[in-house]
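Trainee: Here you go, sequence then predicted model.
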Protein chains: 2
Amino acid sequence: MADKAAELPVRPGRRRSTSQYELERVAFELFERDGFDATTVDEIAKGAGIGRRTFFRYFESKNDVVWGSFTEQLDQMREQFRGRLADEPLMQAVRAVVVEFNKVEPAEVDRHRRRMDLILRVPALQAHSTLRYGDWRAVVAEFAAERLGEEPGALRPQAIAHAALGVALAAYEYWLEHPDVPLCDVLDEGLAELAHGFA
Amino acid sequence: MADKAAELPVRPGRRRSTSQYELERVAFELFERDGFDATTVDEIAKGAGIGRRTFFRYFESKNDVVWGSFTEQLDQMREQFRGRLADEPLMQAVRAVVVEFNKVEPAEVDRHRRRMDLILRVPALQAHSTLRYGDWRAVVAEFAAERLGEEPGALRPQAIAHAALGVALAAYEYWLEHPDVPLCDVLDEGLAELAHGFA
DNA sequence: AGATTAATGGCACCGGGTGTCAAATGGAAG
DNA sequence: CTTCCATTTGACACCCGGTGCCATTAATCT
């Protein structure tokens, strides 16, 4: 997608007048105040001092605003999988990496909770999330496939990825309703159950 | 929702000029010809000889057209769960009921495949499906919760429901790409793996 | 024949999303 | 400084899904 090497490249042409990060900030404030559905793209754009058309050059859709740097985080998760020892049992590795993937700095926990609250509770975002989850699953399936010596599209890798995602979502929902329990603990427990076949 | 007792009630007022089933038929033809996204509600309405406004009295959204009588089928699944023997292991019951739920009459297999192809492959429908899946999971979670003596919202029932759905979706995707393999076999295998913890 | 009950469909409107294009902004070359 | 070029911006028009409103149509009941 974007060039990695150039964060501040000195190149010709008009400078961007804002950033994804700034738009996200403005948008989240409005979402907090009026709710996601009641907030229009026009309002977000106006709040950020840009035109509506320009908003859609920073984000593909209004839904995408809430997802932050998810794609980049997925790359990190892929790295994590690569770093696991080859003799570690498959589901144990999945469990460890998924828990690790969802570790959040204490200072960011609140923001993360609000983000996930939107994603898991607002119907429009629930729906949109499916597409992102697909990317997440692809990472897990890829790892599982390699361990199993199968294709990523085969039944078992796909089933594992789907199941792992499902358990992670259940954990998130539980976490949102029980703010006092650490997310990682819930995730770890759920994935442990999965590895045991819920017996 | 609708009255069960009255299929052809003699009551005052203008008669409905079409049916969900008929609209579904018209819509599927257009979807087949032009694709889901390229087919507009106007075209479906025109094809069925009704007004656009009326279409939205038969279906809440364009997306809903592809789901047929899903809600009613869920009721059947709930019944299936109720009928299981109390001493049957939890995941074995889930496996059996889910497989049974997805049994389709041979004559309907083709239509079912096209339906699922839309749901699983068209991004707009993938997204929308999340909401329906939520209802499906609720049925599974309810059963699991009763067996485990926990609340349906607790972590384990939710995790089981999420995981079972995930595996079922993986099976469906596999089935779509391997038309020669019976869906039930794939489902059964996937759910068996789940019950074993993918060990 | 009314009165009543329901479904219809036209109309205007909202909001997300896109294609197009002229204008604005900045660096680089003369 | 001026010209040229690259890039972003934002206005405008348009499409489409979805909704509120309301007069009209079609049926039954009295």
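Mentor: Noted; the coordinates are in hand.

Trainee: what pLDDT does residue A:56 get?
Mentor: On pLDDT, residue A:56 comes in at 98.

Trainee: Just the angle for the longest helix belonging to chain A relative to helix B:123-148, thanks.
Mentor: Counting by DSSP state H, the longest helix found in chain A is helix A:123-148. Going by axes from the mean of the first three to the mean of the last three Cα atoms, to 10 degrees, helix A:123-148 is angled at 80 degrees with respect to helix B:123-148.

Trainee: does helix A:123-148 come close to DNA strand C?
Mentor: No - using Cβ under 7 Å from any atom of the strand, helix A:123-148 never reaches DNA strand C; the gap is at least 7.9 Å. Glycine gets a C-beta too; all of them are placed from N, C-alpha and C.

Trainee: any idea of the mean pLDDT in that helix?
Mentor: Per-residue scores along helix A:123-148 average to 96.

Trainee: That one - contacts with which helices or strands?
Mentor: Contacts defined by 3 or more Cβ pairs under 8 Å, 6 or more residues apart in numbering or on different chains; DSSP states H and E place helix A:123-148 against helix A:70-82, helix A:90-101, helix A:109-121, helix A:155-177, helix B:123-148.

Trainee: Tell me the buried residues in that helix?
Mentor: Across helix A:123-148, burial judged by 16 or more other Cβ atoms under 10 Å in any protein chain shown covers A:125-130, A:132-133, A:136-145, A:147.

Trainee: just checking, residue A:39 touches residue A:31?
Mentor: Yes - Residue A:39 is in contact with residue A:31 according to Cβ atoms under 8 Å; the separation is 5.6 Å.

Trainee: quick one: pLDDT of the residue nearest in space to the middle of chain A?
Mentor: Nearest to the mean C-alpha position of chain A, by Cα atoms, centre = their mean, lies residue A:70 at 4.5 Å. Predicted confidence (pLDDT) for residue A:70: 90.

Trainee: these two touch, right, it and residue A:132?
Mentor: Yes - at 5.9 Å, residue A:70 counts as touching residue A:132 under the criterion of Cβ under 8 Å.

Trainee: before we move on, back to that, ok, residue A:39 and residue A:31, which is more surrounded?
Mentor: Set residue A:39 next to residue A:31 and count neighbours by other Cβ atoms under 10 Å in any protein chain shown: residue A:31 wins out with 23 against 20.

Trainee: ok, now which ones touch the more buried one?
Mentor: A:39, A:66, A:118 (Cβ atoms under 8 Å, 6 or more residues apart in numbering or on different chains).

Trainee: is it possible to export those residues to JSON lines including pLDDT?
Mentor: Shown next, in JSON lines, are the contacts of residue A:31 (pLDDT from 0 to 100):
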{"residue": "A:39", "pLDDT": "98"}
{"residue": "A:66", "pLDDT": "96"}
{"residue": "A:118", "pLDDT": "96"}
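
Trainee: list the contacts for the residue nearest to the centre of chain A?
Mentor: A:132, A:135.

Trainee: Please parse chain A into its domains.
Mentor: Here the domain parsing of chain A from automatic domain parsing is A:5-65, A:69-195.

Trainee: Format those as TSV; extra columns: distance to DNA strand D.
Mentor: Below are these laid out as TSV (distance: least, Cβ to the nearest atom of the strand, whole Å):
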stretch	distance to DNA strand D
domain A:5-65	2
domain A:69-195	10
